[in-house]
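Chemist: based on what follows, work out the 3D shape:
(one chain, ligands or ions: 1)
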Amino acid sequence: MSEINHVGLWNRCLEIIRDNVPEQTYKTWFLPIIPLKYEDKTLVVQVPSQFFYEFLEDKFVDLLRKTLYKVIGEGTKLMYNVMVDKSSRKTVDLESTQRTIIPLKQVMDKRIPQIPVPELDPHLNPEYNFETFIEGYSNKLSRSVAEAVALNPAKTIFNPLFLYGASGVGKTHLANAIGTKIKELYPEKRVLYVSAHLFQVQYTDSVRNNTTNDFINFYQTIDILIIDDIQEFAGVTKTQNTFFHIFNHLHQNGKQLILTSDRAPVLLQGMEERLITRFKWGMVAELEKPTVELRKNILRNKIHRDGLQFPQEVIDYIAENVGDSVRDLEGIVISIMAHSTIYNKEIDLELTQRIVRKVVNSESKAVTVDEIINTVCKHFGLETATIHTKSRKREVVQARQIAMYLAKNYTDFSTAKIGALIGHKDHATVLHACKTIKELKEVDKSFRAEIDEIQSALKKQN
Ligand SMILES: Nc1ncnc2c1ncn2[C@@H]1O[C@H](COP(=O)(O)OP(=O)(O)OP(=O)(O)O)[C@@H](O)[C@H]1O
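Modeler: Residues are numbered from 1 along each chain as shown. Below is the predicted model of the structure:
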């Protein structure tokens, strides 16, 4: 079929789809799809990211199938060409309804691999690599040590490499990145990623089946052993004992060990002292909680990779209000996309604030309008009472408008209520104030910085 035909076919599909989904959904999820070819009863379309593909498959697979059957014919297949790396324009082809990304932990086979094991699936997540791991102040040290280990496994002094940090700071990602890089550079090396939990299940099974020797022999054949969440060994003495022997064997034979934990070795209660001592033999590196700057970079990168577009103020808001765990940031992005699609709403600050408020800060003290007025007045060196006067002085008008804007963002009050609490104004004045401040923020960098300063001061009190 000629190019006109696959484009023409897809355009006819689009007409049907457009009638069946809200306009915003159509624009977000269907317009970016590019038809590539139609042959062997299969329509191949290009989508901008893996996330995009998964979302389509999750939410619109029925609509797509029915539309294709109607326009092209019963049994027509859909194939996605997924852009996985925009810079190199690398793509992969995935069939519709065939899910490929299954969480690693679910894929892992609980059985103990038999020996001899000619080929070993390292059970690495290829998405967790150094290219997708964004560097920032909080992970700089860990990242550079990880890279050194990846370049020269077991040849640096970083053996074992013990990565620790709070939940969601990137330990699993970084540990996988090491494994992936080693596989790239040294394909013959036997790399294995395993969660401490799975290791323990395998061990327990081996005891039950009387195959503990096989279990130990298998692990002793590994060149690079990555064990995630080692804190889970706490209190399970027999597993610890077995791991101790495997650890010693590998270390003595010049193999690399990479361990992750949610706390530093000294804080691993319920872990044998001889193991804790070994964990400290090499390098103990902390992944700290991500800074605001790193959070912004991670968000920008994720949104870009997913082929999405979020306004800058939305990215700033998420990064400033969702702290600590990168996993939470990713969850928020997905929630926003889903809300925007399902409720047919633009991705804007208001939608983002509603979603973020539901996910975070539920325990932190709510900001009151009085606090906002006090903070704004203090910032501009004004008496708080002046804000409620009829003064039309420029600085008073602006302070009042900023207070209204912040009250709209930080509280659930209606515009009418905010007007009543700030200067006894009506709801139209509040709406106008919010619009004015929003527009000023967009065009005036120093004004934006002032608002940021006021917001930080406000947050410090809460
Ligand atoms: N610096 C980073 N750059 C890009 N993505 C990151 C970064 N740090 C974390 N992430 C992402 O955040 C999510 C959570 O990271 P990860 O699972 O590695 O955290 P963790 O520290 O192992 O958490 P847990 O202890 O709960 O298992 C992953 O999707 C990961 O890709």
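Chemist: where does this protein come near the ligand, residue by residue?
Modeler: Proximity of the chain to the ligand is confined to 128, 132-134, 139, 165, 167-173, 262, 298, 326-327, 330 under the rule C-beta under 6 Å from any ligand atom. (Glycine included, C-beta is placed from N, CA and C.)
Chemist: what do you get if the cut-off is 8 Å, keeping everything else the same?
Modeler: Residues of the chain lying close to the ligand (C-beta under 8 Å from any ligand atom) are 127-128, 132-136, 139, 143, 165-176, 228-229, 260, 262, 287, 290, 294, 297-298, 301-302, 325-327, 329-330.
Chemist: Produce a PyMOL select command limited to the buried residues of these.
Modeler: Restricted to the buried members of those, where burial is judged by 16 or more other C-beta atoms under 10 Å, the PyMOL selection command reads as follows:
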select buried, resi 127+128+133+134+136+139+143+165+168+169+170+171+172+173+174+175+176+228+229+260+262+287+290+294+297+298+302+325+326+329+330
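Chemist: from the residues of the chain next to the ligand, which ones fall inside helices?
Modeler: The subset of these located in helices under the criterion DSSP state H comprises 143, 171-176, 294, 297-298, 301-302, 326-327, 329-330.
Chemist: and those residues, which is closest to residue 35?
Modeler: Distance from residue 35 was checked for each of these by C-beta to C-beta. The minimum falls on residue 302, at 26.7 Å.
Chemist: pull the residues that contact stretch 337-349.
Modeler: 22-25, 28-29, 55, 59, 308-311, 313-314, 317, 336, 351, 355, 409, 438 (C-beta atoms under 8 Å, 6 or more residues apart in numbering).
Chemist: how many residues are close by the nearest residue to residue 25 once chain neighbours are set aside?
Modeler: When the adjacent residues along the chain are set aside, residue 25 lies closest to residue 341, with 4.8 Å between them (C-beta to C-beta, 6 or more residues apart in numbering). Residue 341 is flanked by 20 other residues according to other C-beta atoms under 10 Å.
Chemist: ok, now the one 5 residues further on?
Modeler: Residue crowding around residue 346 was assessed by other C-beta under 10 Å; the count is 11.
Chemist: what pLDDT does it get?
Modeler: Model confidence at residue 346, expressed as pLDDT, equals 84.
Chemist: would it count as being in a helix?
Modeler: No - counting by DSSP: H, G, I helix; E, B strand; the rest coil, residue 346 falls outside a helix, being coil.
Chemist: residues of stretch 304-312 that come out buried?
Modeler: Those would be 305-308, 310, for stretch 304-312 by 16+ other C-beta under 10 Å.
Chemist: residue 394 - how many residues pack around it?
Modeler: Around residue 394 there are 8 residues (other C-beta under 10 Å).
Chemist: okay, now stretch 267-287: how far is its last residue from its first?
Modeler: Across its full length, stretch 267-287 reaches 16 Å between end residues, using C-alpha to C-alpha, to the nearest Å.
Chemist: since that was my last question, I'll sign off now.
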